[in-house]
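Trainee: following is a predicted model, sequence given first.
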Amino acid sequence: MACHGGVVAASMVAFLALPFQGLLAPLYSTNTSLTEWLLDDDGADPTHPHPWRLVRYNDAAHLAGVGDG
């Protein structure tokens, strides 16, 4: 799935249960970077308030060497 950086920042606030005070967390995602979430639903309690686990955030390793002459 592809999305804008604002969606990534909103997911961080929602899935990590960060306090929301009218502004999203000041997180800046690199263009074409990868952010990956995993839903821990393998036997986990479905009523657990935070079933999401952050696997990687702002991963731009796939860009290494791109644009090098």
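Mentor: Sure thing, it's come through.

Trainee: every contact and neighbour count from this point should use C-alpha atoms.
Mentor: Will do.

Trainee: how about the helices in this structure?
Mentor: Along the chain, the stretches classed as helices by DSSP state H are 5-15.

Trainee: tell me how many other residues surround Pro26.
Mentor: Residues near Pro26, counting by other C-alpha atoms under 10 Å, number 8.

Trainee: tell me which other helices or strands the biggest strand by length in the chain touches.
Mentor: When the chain is parsed with DSSP state E, its longest strand is strand 52-59. Applying 3 or more C-alpha pairs under 8 Å, 6 or more residues apart in numbering; DSSP states H and E, one finds that strand 52-59 contacts strand 34-39.

Trainee: mind listing what's buried along the strand it packs on?
Mentor: Using 16 or more other C-alpha atoms under 10 Å as the test for burial, strand 34-39 gives Leu34, Thr35.

Trainee: any idea of the angle that strand forms with helix 5-15?
Mentor: Angle between the axes of strand 34-39 and helix 5-15 is 30 degrees (criterion: axes from the mean of the first three to the mean of the last three C-alpha atoms, to 10 degrees).

Trainee: which residues touch strand 34-39?
Mentor: Here strand 34-39 makes contact (C-alpha atoms under 8 Å, 6 or more residues apart in numbering) with Val8, Pro51, Trp52, Arg53, Leu54, Val55, Arg56, Tyr57, Asn58, Asp59, Ala60.
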